[in-house]
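>>> dropping a prediction and its sequence here:
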Amino acid sequence: MSEQANDAALRHLITLDGLSGAQISEFLDIAESLRATAERPVNKLPILRGRTVVNLFFEPSTRTRTSFELAATRLSADVVNFDVAASSTKKGETLLDTLRTLEAMRCDLFVVRHQENGTPEYLARHAAPGVVIVNGGDGNHAHPTQGLLDAFTIRRHKPDLHNLTVTIVGDIQHSRVARSDIHALQALGIGQLRLAGPAALLPEQLQSSRCQLFHDMDAAVRDADVVIMLRLQKERMAKALVESDRDYARDWGLNADRLALARPDALVMHPGPMNRGVEITDDVADGPQSVIFQQVSNGVAVRMAVMAKLLGAFQ
Amino acid sequence: MSEQANDAALRHLITLDGLSGAQISEFLDIAESLRATAERPVNKLPILRGRTVVNLFFEPSTRTRTSFELAATRLSADVVNFDVAASSTKKGETLLDTLRTLEAMRCDLFVVRHQENGTPEYLARHAAPGVVIVNGGDGNHAHPTQGLLDAFTIRRHKPDLHNLTVTIVGDIQHSRVARSDIHALQALGIGQLRLAGPAALLPEQLQSSRCQLFHDMDAAVRDADVVIMLRLQKERMAKALVESDRDYARDWGLNADRLALARPDALVMHPGPMNRGVEITDDVADGPQSVIFQQVSNGVAVRMAVMAKLLGAFQ
Amino acid sequence: MSEQANDAALRHLITLDGLSGAQISEFLDIAESLRATAERPVNKLPILRGRTVVNLFFEPSTRTRTSFELAATRLSADVVNFDVAASSTKKGETLLDTLRTLEAMRCDLFVVRHQENGTPEYLARHAAPGVVIVNGGDGNHAHPTQGLLDAFTIRRHKPDLHNLTVTIVGDIQHSRVARSDIHALQALGIGQLRLAGPAALLPEQLQSSRCQLFHDMDAAVRDADVVIMLRLQKERMAKALVESDRDYARDWGLNADRLALARPDALVMHPGPMNRGVEITDDVADGPQSVIFQQVSNGVAVRMAVMAKLLGAFQ
């Protein structure tokens, strides 16, 4: 079931599936300690000085790349953005030769983002000793740093996770964010998980005693402590599954009326970038319950924690 | 009239319009002090260590981006080049969400370049407290760091600005460089400004007692202390307004014969990149009166000054 | 004959043609001393702090750019990647104006890669005093840092160069790598050079008493101490010269059977990226005699040496 050996010393971060609550909490604790530093005006730490981080992005994403880049820079690592579209893979170089080449240049940690499931894991299986692979999002498989930053954001506001109800709304089926959120929150012992979305996009195998599927948005949001809205991936989803933006907003969008069904202090979350007016309305996205931009801030701290921990800075 | 509140503490740099001579002089004085440092072999200053500068370029410009990047780097800031073409705006993210996202990652200063007028000002109006927006050029509105570096270059050679005649030649109508030069020089009390170019490209509203329009290049250049040639923006200008490169060179190009009409020690300036053989001949561009590459050097010093000042390093 | 004045103080690195064995050895000796540092976990040296290196790549190559970028970064230089495709050359700026502009921003060293022969040399002839040009590969002319890193790799394994036989196989005619390897190895007094490849791709003028042409791969490889395989440049070579990948592999590819003809301890080299299954088989590329990824590691050390030496850090 678990894709990852649950041994004490985690070497790479490919998925949160199979990680223990203690392992996940350790990342969050380190992120908490780094976050304080990150808030200072001079926010550089010498922790990874002389180490090299490569952003190996096969699927472009300027915002995620920037988050990893800033995380590495603030730990004083050197950062190389290896734009794969422009690189030798065009010339037919294999994925492994690209890895070996960058390893030979003494790059220490690779953030790998790829449109196909399994590429980061494949590279992790073949990485040289001491070299670290961090999954920056692969296909619809996993986005572990997003799962960690979402858990981190929830824990900062509502530390008593065992008593929380968290609702995730959208295209669960194709969402690596949803998958990693679910793994993180379940490992941390979240009280109740609710997954809501169009029937065709709700994977039945995720259902369990503590994870329920909802075919009605109002019911899913009622009395929730946290509502995580997913981005409507227009490009990825079969068009037939969603009739129109407008229908989607009506059936599955979060607006003020729906949010009123949740707990009065419920958090609103979104991994970004938002389709405003589709899965979320402006007043909710910018309202007092939204912690959407805190997620972004926390993302840098969590990525600092992952890099520092996996490169051995926190034993 | 003024677009910018003329208060003591300038927070952003969007336009030079409305700035006092004292405010502009302060930037130039700081640039002067930084320029000395910039000339040293080891030209790094720890002034902005731990601060993050983002080049948010919607309109690509490698040379301007590099100037800002080097300015920030030499102040020891971390620099992120946020390539907007490749970013989430493609995915429909709003401009403000991009700003909020990067603010949430604790980016301190944004250099914004955009093909449409007003984008930097719009972002400045919505920037979080403490976050600084610098206009890196917007549409045909303003290019304030270019205005400052041109004023700086003139002042270094001819400090008695009150007695100078400065001629600007070209497509004044569509030039953000011309507009910012005019604002800088007028605020600093320049003696006489002359604007020359094809009639259709000379905006009448700029005319004043100390700013004359010229429809003849020879007359405009005669006895001038400084001649600023603008780039012929082939892509921006309606084709009908200029018959051909050749006609333009004949009527509005600066060559040795025309330059001989100006003061013997007149400076020749151009914001680059030059269309050699169109608005300027090789012998003039590379001649002893040309300070065109000094403008480039001064650009780095002026941008260092702007970033350092606006981020509070010089109170 | 020699393209480069053989004076004591080398200012640029454009070609290895004309360099003395002593000059080449000096680069290799510096690389050797830097390599030890490069192997340390914290591999930064303050040697080029405050200096600026520009990667001026007209022909894109992410892997070579990254090698130069890391070399500069580990000497603590600031690095600017000047993406020429996106730059002012589009706007018609001349090559020299681009150079002058970046010089004016106080960039100290330019790595120039260009699809046309002679561009780095042209820029070197026009560079300002103190500014250094390093050829990062031009057309089919030269790739001097590749020549140095190949010589360095051979020397580390087999220091007695005078008694070695080195075989280079492939499209010698169009290979700047081959050309620079030949210059480096001949200057260092290599025992015997053998050039092998399809007849149409073997330049007769390279033949000499210590450099033989081979029209048969088996004969070329027999008893060799080093076999350097060139990449089959599909895009560059006239299609008619090679019938198919399969024919090429059969006639000119290195496989285990052929390698068995060489000395038992023969080194296998390739500049990368490899066309696996064409000029080299997987078992050979990944076998115990392959030093292909050592070449990559050595490339960083050699580029550090070149930059440090030419910028005056080792007198």
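Ah, there it is.
>>> check contacts around residue A:199.
residue A:215 (C-beta atoms under 8 Å, 6 or more residues apart in numbering or on different chains). Placement of C-beta: from N, CA and C, glycine included.
>>> show me where chain A has its strands.
A:52-57, A:78-83, A:109-114, A:132-138, A:165-169, A:192-196, A:211-214, A:226-229, A:267-269 (DSSP state E).
>>> for residue A:24, see how far away the nearest residue to residue A:23 once chain neighbours are set aside is.
The spatial neighbour of residue A:23 that comes closest, neighbours along the chain excluded (C-beta to C-beta, 6 or more residues apart in numbering or on different chains), is residue A:10 at 6.2 Å. Distance of residue A:10 to residue A:24, computed by C-beta to C-beta, to the nearest Å: 10 Å.
>>> those two: which is more packed in?
Taking other C-beta atoms under 10 Å in any protein chain shown, residue A:10 and residue A:24 do not tie; residue A:24 has more neighbours (23 against 19).
>>> and that one, how far is that from residue A:276?
Distance, residue A:24 to residue A:276, by C-beta to C-beta: 31 Å.
>>> what's the answer for residue A:302, then?
According to C-beta to C-beta, residue A:302 and residue A:276 sit 25 Å apart.
>>> between these two, who's got more neighbours?
Shown here are residue A:302 and residue A:276; by other C-beta under 10 Å, residue A:302 has more neighbours (30 against 18).
>>> surely that one touches residue A:24?
No - counting by C-beta atoms under 8 Å, residue A:302 sits too far from residue A:24 to count as a contact (10.7 Å).
>>> residues shared between the contacts of those two?
With C-beta under 8 Å, 6+ apart, residue A:302 and residue A:24 have common neighbours residue A:148.
>>> pull out the buried positions in stretch A:172-192.
Across stretch A:172-192, burial judged by 16 or more other C-beta atoms under 10 Å in any protein chain shown covers A:172-188, A:190, A:192.
>>> how about residue A:193, what does it touch?
By C-beta under 8 Å, 6+ apart, the contact list for residue A:193 reads A:165, A:166, A:167, A:168, A:182, A:185, A:186, A:210, A:211, A:212.
>>> tell me how far the closest residue to residue A:46 other than its chain neighbours lies from residue A:65.
Once flanking residues are discounted, residue A:46 sits nearest to residue A:76: 5.0 Å by C-beta to C-beta, 6+ apart. Distance from residue A:76 to residue A:65, counting by C-beta to C-beta: 19 Å.
>>> so between those two, which is more surrounded?
For residue A:76 and residue A:65, the more surrounded residue by other C-beta under 10 Å is residue A:65, and the numbers stand at 23 against 15.
>>> rebuild the strands of chain A as CSV, extending it with mean pLDDT.
Formatted as CSV, the strands of chain A follow (pLDDT from 0 to 100):
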stretch, mean pLDDT
strand A:52-57, 97
strand A:78-83, 91
strand A:109-114, 97
strand A:132-138, 98
strand A:165-169, 98
strand A:192-196, 98
strand A:211-214, 96
strand A:226-229, 98
strand A:267-269, 98
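>>> how about JSON lines for the ones you listed, with distance to residue A:281 added?
As requested, these are exported to JSON lines (distance: least, C-beta to C-beta, whole Å):
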{"stretch": "strand A:52-57", "distance to residue A:281": "31"}
{"stretch": "strand A:78-83", "distance to residue A:281": "35"}
{"stretch": "strand A:109-114", "distance to residue A:281": "30"}
{"stretch": "strand A:132-138", "distance to residue A:281": "26"}
{"stretch": "strand A:165-169", "distance to residue A:281": "13"}
{"stretch": "strand A:192-196", "distance to residue A:281": "17"}
{"stretch": "strand A:211-214", "distance to residue A:281": "20"}
{"stretch": "strand A:226-229", "distance to residue A:281": "10"}
{"stretch": "strand A:267-269", "distance to residue A:281": "10"}
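>>> residues in chain A within reach of chain C, list them.
Residues of chain A lying close to chain C (C-beta under 8 Å from any C-beta of the partner chain) are A:49-52, A:78, A:80, A:82-84, A:86-88, A:91-94, A:97-98, A:100-107.
>>> give the contact list for the residue of the stretch 151-300 of chain A found nearest chain C.
Using C-beta to the nearest C-beta, the closest approach of the stretch 151-300 of chain A to chain C is made by residue A:300 at 21.5 Å. Contact partners of residue A:300, counting by C-beta under 8 Å, 6+ apart, are A:38, A:67, A:70, A:71, A:74, B:105, B:106.
>>> quick check: residue A:289 vs chain B, distance?
Residue A:289 sits 16 Å away from chain B, taking C-beta to the nearest C-beta, to the nearest Å as the criterion.
>>> burial count for that residue?
So residue A:289, with other C-beta under 10 Å, has 18 neighbours.
>>> shouldn't residue A:161 be in contact with residue A:192?
No - Residue A:161 is beyond contact range of residue A:192, at 10.7 Å (criterion: C-beta under 8 Å).
>>> contacting residues for the residue nearest to residue A:150 when sequence neighbours are not counted?
Closest residue in space to residue A:150, ignoring its immediate chain neighbours: residue A:181 at 5.1 Å, by C-beta to C-beta, 6+ apart. Going by C-beta under 8 Å, 6+ apart, residue A:181 touches A:146, A:147, A:150, A:151, A:166, A:168, A:228.
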